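Peer 1: need the 3D shape of this:
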Amino acid sequence: MKVLFICNQNLNRSKTAEDIFQGRFDTKSAGLYNNKPVSSMELSWADVVVVMEDAHRSEIAKRFPEVYMKKRILSLRIPDVYSYGEPELIKMLESKVQELLEPLVELP
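Peer 2: Alright, predicted model coming up:
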């Protein structure tokens, strides 16, 4: 399953998620408000888009309405208070992804 993780700048939350879930999923990450914001091509690539905050889902809907309507977008509701690789962030990501994303993985 191809998973795109999105946060504000793609420095901490989404970048950590991309790195720690690489073995379980085909992962990429992007930001909404950085120098190279997420593109419709990146969104189209993903089977599932995972945002860190509900506001990110709204921003994607506003910028990419055509893609938004065709994508499953899940919000982890993780605030922007963590640094890249921070143990508390990793623990929260693993818990929330297990709860929300892993049930979507097709079993053989």
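
Peer 1: confirm that residue 27 sits in a strand.
Peer 2: Yes: checked against DSSP: H, G, I helix; E, B strand; the rest coil, residue 27 lies within a strand.

Peer 1: may I have the longest helix seen in the chain as CSV, with CA atoms only?
Peer 2: The single longest helix within the chain, with elements called by DSSP state H, is helix 87-100. Listed in CSV are the C-alpha atoms of helix 87-100, where the atom choice follows Å, rounded to 0.1, in the frame of the first residue of the first chain:
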residue,chain,number,x,y,z
PRO,A,87,10.5,9.0,20.9
GLU,A,88,7.1,10.4,22.0
LEU,A,89,6.3,11.2,18.4
ILE,A,90,7.3,7.7,17.2
LYS,A,91,5.2,6.1,19.9
MET,A,92,2.2,8.2,19.0
LEU,A,93,2.6,7.5,15.3
GLU,A,94,2.9,3.8,15.8
SER,A,95,-0.2,3.7,17.9
LYS,A,96,-2.4,5.8,15.6
VAL,A,97,-1.2,4.1,12.4
GLN,A,98,-1.8,0.7,13.9
GLU,A,99,-5.3,1.8,14.8
LEU,A,100,-6.3,3.6,11.6
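
Peer 1: which neighbouring elements make contact with it?
Peer 2: Applying 3 or more Cβ pairs under 8 Å, 6 or more residues apart in numbering; DSSP states H and E, we find helix 87-100 packed against helix 13-20. (Each C-beta comes from the backbone N, C-alpha and C, glycine too.)

Peer 1: all strands of the protein, in order?
Peer 2: Per DSSP state E, the chain carries strands over the ranges 2-7, 26-31, 48-51, 72-75.
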